[in-house]
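[1] Sequence first, then the predicted structure, then my questions.
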Amino acid sequence: MPYRAPVDEFRFLYAHVVDLAALAGTERFAEATPETVEAILTEAGRLCEEVLAPTRRAGDTDPARLENGVTRTSEGFDAAYGAIAEGGWVAISADPEHGGMGLPMALTTAVNDMVSSANLALQLNPMLTQGQIDALEAHASDELKALYLPKLISGEWTGTMNLTEPQAGSDVGALRTKAEPNGDGTYAITGQKIYITWGDHDLTPNICHLVLARLPDAAPGTKGISLFMVPKYLPTEDGGPGPFNNVRTVSLEEKMGIHGSPTAVLDYDRSTGWLVGPENGGMKAMFTMMNNARLGVGAQGIGVAEGAFQHALAYALDRRQGASKVENATGSIVDHADVRRMLTTMKADIFAARAIALMCAVALDRARSGGGEDWAARAAFLTPIAKTFGTETGMAVADMGIQVHGGMGYVEETGAAQFLRDVRVTAIYEGTNGIQAMDLVARKMADGGEAAFAMLDEIESFAETARERMPDLAAPVWEAAETLRETVEWLVAQDDLNARFAGSVPFLMGFARVLGGHAHLMAAMADPEGPRARLARFYITRLLPQHAGHLAHARAGAEDLYAVSPDDLAA
Ligand SMILES: Cc1cc2nc3c(=O)[nH]c(=O)nc-3n(C[C@H](O)[C@H](O)[C@H](O)COP(=O)(O)OP(=O)(O)OC[C@H]3O[C@@H](n4cnc5c(N)ncnc54)[C@H](O)[C@@H]3O)c2cc1C
């Protein structure tokens, strides 16, 4: 079924939930006028509908493969990537000094969402390039910027991130790849990286790897890690791809989904690298890329959810099975209460997750346009929530999409299963959702919960205002925010971090539920007699109550969890 870009929903969220217009009032984002925003949304939507979405199935049925040392990509990906690059879509938020458009992350997030619906496997490629651009803009020398940024921003070359090694997954500090000074300002990089997304391909003449490695005598753990730019081909004087830089593709992983995305094992053998950021400052520099990619991965989850939802809705409107006596029956399975429940849950949760991702993006944009530390703290706080809730929504919605299809969801013919297989990895890469939640309750609450309380103040104050016109919707949101406030107070009082960690994922999910309630309430207030209010009522009545279970779990501490021993588990 053809994909339809949810341009109206972005327009609505920008206008009524995240106040995009406030950004156009800042010097940095003065270009983000209503006309530009409209042009970006409609043009990106058209690209996704007409050019990218038709290539999604080939990414599943015609996987990337390694043939005689050359990585070949799926049928149609070359032309589709070309359309992304030629249209200037790789990095619309990049700095205009090097060819970017300097537009807000709130727009990039919408574009990433739509491109992910259209073809997740392909979208990973420009998304990682975006993260690399962000890291180079913030940490690279002027020479590296001048050489690499124009080529990355135009899409002429692509970028990857190289953290993972067999013994260093979530524990990045365990990595062993070596960097030895060559004496001329460059470094010889030696080691093996695994799971490198788009680590090799035939779409562009060069691939730029950002690689984490250790200098001789570096401190153990994350403090002794440095970041290097290691291109596949060494750039020549005139900036073209020159000699091979000994970055060999050992193999491509066989995966559950995103078959069109080549996931490479890369071997570096005294490959030449250039330092990005200071020696031993690699984690800080890489975090710029990772934070960008975390929001991007959240948008991936939402985008796949949208694709799965549209697919399921089209099937449900067509499939006839059993009769329902409801008023205005269509005769299809959409009349059945349980099917209606699944489809409405899918739509309501996509709206909530999308609102949260845009809240995070706008906070980043506010911080970058001189809004101050509070916006930066909010963006940092919302990043793990946007990543985790976006991807959990992606998985739950894709799973429900299969259920709506019945048996036709389980056979490959309809394409419903691809959404679930593709989206499953989003909860794993860019830091698993468990690692995101730990970051939320530890580092992101090291401020004593200040960023969280500031958001809760806003949620409660909006609910107070809404109480007069929509008391039945406003009251549950206000009460949920109070329960969340008590949970934040409980968590910040726990000095034993494991007491926080034991319920960190439920806490994150509870927080997201409340943020979703807030976004739906804002939507209902803006469209009190229309479909937004009807969807908000469904969310606030049926989905928001889940926060109570999540938050009870979050406050339970670690003792009873560890009381169940590994022996008990095996019994
Ligand atoms: C398709 C794909 C593409 C990828 N692309 C890239 C890429 O481009 N670049 C790159 O560098 N990496 C990439 N990765 C690697 C990815 O980021 C890692 O798989 C991920 O970080 C988890 O590491 P791991 O697989 O070693 O799992 P582990 O770290 O072994 O984790 C296993 C489980 O233990 C949990 N766990 C681990 N440590 C802790 C802890 N301290 N506290 C609580 N729970 C913990 C995890 O949450 C998880 O549930 C990719 C992976 C895949 C599958």
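    All right, it came through fine.
[2] rest of the way, CA atoms for contacts and neighbours
    Fine.
[3] Name the spans of the stretch 351-500 of the chain whose pLDDT lies under the cut-off.
    Along the stretch 351-500 of the chain, no part satisfies pLDDT under 70.
[4] Which single residue of it ends up nearest the ligand?
    Tyr429 (3.8 Å; CA to the nearest ligand atom).
[5] Please report the distance of that residue from Lys387.
    Counting by CA to CA, to the nearest Å, the gap from Tyr429 to Lys387 is 10 Å.
[6] For the two, indicate the residue with more neighbours.
    Using other CA atoms under 10 Å, the more surrounded residue of Tyr429 and Lys387 is Lys387, with 33 against 16.
[7] quick one, phi/psi of that one?
    In terms of degrees, to the nearest 10, the main-chain angles of Lys387 are phi -60, psi -50.
[8] same deal with Pro545?
    Dihedral angles (degrees, to the nearest 10) for Pro545: phi -60, psi -20.
[9] going forward can the numbers begin at 3, since that is how I track them
    Yep, numbering from 3; the last one is Pro547 now.
[10] show me the residues around Met285 that make contact.
    Leu214, Thr224, Lys225, Ile227, Ser228, Leu229 (CA atoms under 8 Å, 6 or more residues apart in numbering).
[11] so the nearest residue to Gly374 once chain neighbours are set aside is in which element?
    Computed as CA to CA, 6 or more residues apart in numbering, the closest residue to Gly374 that is not its neighbour in sequence is Arg368, at 7.7 Å. Under the criterion of DSSP states H and E, Arg368 resides in helix 339-368.
[12] buried stuff in that helix?
    341-342, 344-368 (16 or more other CA atoms under 10 Å).
[13] and the residue of the stretch 253-402 of the chain found nearest the ligand, how many neighbours does it have?
    The stretch 253-402 of the chain approaches the ligand most closely through Thr265 (5.9 Å), counting by CA to the nearest ligand atom. Neighbours of Thr265 under the rule other CA under 10 Å: 24.
[14] Return the distance of it relative to Thr111.
    Thr265 is 23 Å from Thr111, by CA to CA.
[15] What segments of the stretch 53-202 of the chain are helices?
    Counting by DSSP state H, counting those that start in this stretch, one finds helices in the stretch 53-202 of the chain at the ranges 60-63, 79-88, 107-141, 144-155.
[16] now the stretch 253-402 of the chain
    Using DSSP H, counting those that start in this stretch, helices in the stretch 253-402 of the chain cover 284-320, 339-368, 375-407.
[17] Next, format those helices as a markdown table and append distance to Glu77.
    Compiled in a markdown table, the helices of the stretch 253-402 of the chain are given as follows (distance: least, CA to CA, whole Å):
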| stretch | distance to Glu77 |
| --- | --- |
| helix 284-320 | 21 |
| helix 339-368 | 30 |
| helix 375-407 | 24 |
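[18] what residues are up against the closest residue to Trp200 other than its chain neighbours?
    Leaving out its chain neighbours, the residue that sits closest to Trp200 by CA to CA, 6+ apart is Pro264, at 5.0 Å. By CA under 8 Å, 6+ apart, the residues touching Pro264 are Ala66, Arg67, Thr73, Thr75, Thr199, Trp200, Gly201, Asp202, His203, Leu254, Glu255.
[19] Now the fifth one. Nearest residue, chain neighbours left out?
    Read it as Thr199. Thr265 (4.5 Å).
[20] Hmm, that neighbour is touching Leu254, no?
    Yes: here Thr265 reaches Leu254: they are 5.4 Å apart, a contact under CA atoms under 8 Å.
[21] and the residue nearest to the spatial centre of the chain, what pLDDT?
    Geometric centre of the chain, nearest residue: Val299, 1.8 Å, by CA atoms, centre = their mean. Per-residue pLDDT puts Val299 at 98.
[22] cool, the one 3 residues further on as well?
    At Gln302 the predicted local confidence, pLDDT, stands at 98.
[23] and it, how far is that from Ala560?
    In terms of CA to CA, Gln302 sits 32 Å off from Ala560.
[24] neighbour-wise, which of those two wins?
    Ranked by neighbour count (other CA under 10 Å), Gln302 and Ala560 place Gln302 first, with 31 against 17.
[25] got the contacts of Met285 as TSV, with distance to the ligand, neighbour count and pLDDT columns?
    Shown next, in TSV, are the contacts of Met285 (distance: CA to the nearest ligand atom, whole Å; neighbours: other CA atoms under 10 Å; pLDDT from 0 to 100):
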residue	distance to the ligand	neighbour count	pLDDT
Leu214	9	30	97
Thr224	14	19	96
Lys225	17	16	96
Ile227	14	27	97
Ser228	14	26	98
Leu229	12	29	97
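[26] Output the set of residues of the stretch 403-552 of the chain in proximity to the ligand.
    Val427, Ile430, Tyr431, Glu432, Gly433, Thr434, Gly436, Ile437 (CA under 6 Å from any ligand atom).
[27] Let me see the backbone angles for the residue of the stretch 353-502 of the chain closest to the ligand.
    Residue torsions, per degrees, to the nearest 10, at Tyr431 are phi -80, psi 170.
[28] From Val113, how far out is it?
    20 Å.
[29] count of neighbours near Pro568?
    For Pro568, using other CA under 10 Å, the count is 9.
[30] so what pLDDT did it get?
    Confidence score, pLDDT, at Pro568: 98.
[31] what separates it from Ala32, distance-wise?
    For Pro568, the distance to Ala32 - CA to CA - is 57 Å.
[32] got it, and Arg74?
    Taken as CA to CA, the span from Arg74 to Ala32 is 42 Å.
[33] again, but for Leu130
    Relative to Ala32, and taking CA to CA, Leu130 is found at 26 Å.
[34] In terms of neighbours, single out the busier of these two.
    Neighbour count, other CA under 10 Å: between Leu130 and Ala32, Leu130 has more, with 24 against 15.
[35] For that one, which residues are in contact?
    Contacts of Leu130 (CA under 8 Å, 6+ apart): Gly161, Thr162, Met163, Ala295.
[36] for Ala66, what are its contacts?
    Taking CA under 8 Å, 6+ apart as the test, what Ala66 contacts is Thr73, Arg74, Thr75, Ser76, His261, Gly262, Ser263, Pro264.
[37] So what's the residue count around the closest residue to the ligand within the stretch 453-573 of the chain?
    When scored by CA to the nearest ligand atom, the stretch 453-573 of the chain has Phe503 as its residue closest to the ligand, at 7.9 Å. Using other CA under 10 Å, Phe503 has 23 neighbouring residues.
[38] close enough to count as contact, it and Met440?
    Yes: with contact defined as CA under 8 Å, Phe503 reaches Met440; the gap is 5.7 Å.
[39] interface residues of the stretch 103-252 of the chain facing the ligand?
    Met163, Asn164, Leu165, Thr166, Gly171, Ser172, Tyr197, Ile198, Thr199.
[40] Find the pair from those with maximum spatial separation.
    Using CA to CA, those reach their maximum pairwise distance at Ser172 and Thr199, which is 16.3 Å.
[41] now for the helix holding Arg368, which elements pack on it?
    helix 107-141, helix 284-320, helix 375-407, helix 506-528, helix 533-540 (3 or more CA pairs under 8 Å, 6 or more residues apart in numbering; DSSP states H and E).
[42] got any ranges where the stretch 103-252 of the chain has weak pLDDT?
    Using pLDDT under 70, nothing in the stretch 103-252 of the chain is flagged.
[43] which ones are touching His141?
    Val278, Gly279, Ala287.
[44] hang on, I meant Ala82
    Val53, Leu54, Thr57.
[45] Check the spacing between the closest residue to the last one other than its chain neighbours and the ligand real quick.
    Nearest non-adjacent residue to Thr57, counting by CA to CA, 6+ apart: Gly78, 6.0 Å away. Plainly put, Gly78 is 21 Å away from the ligand if you go by CA to the nearest ligand atom, to the nearest Å.
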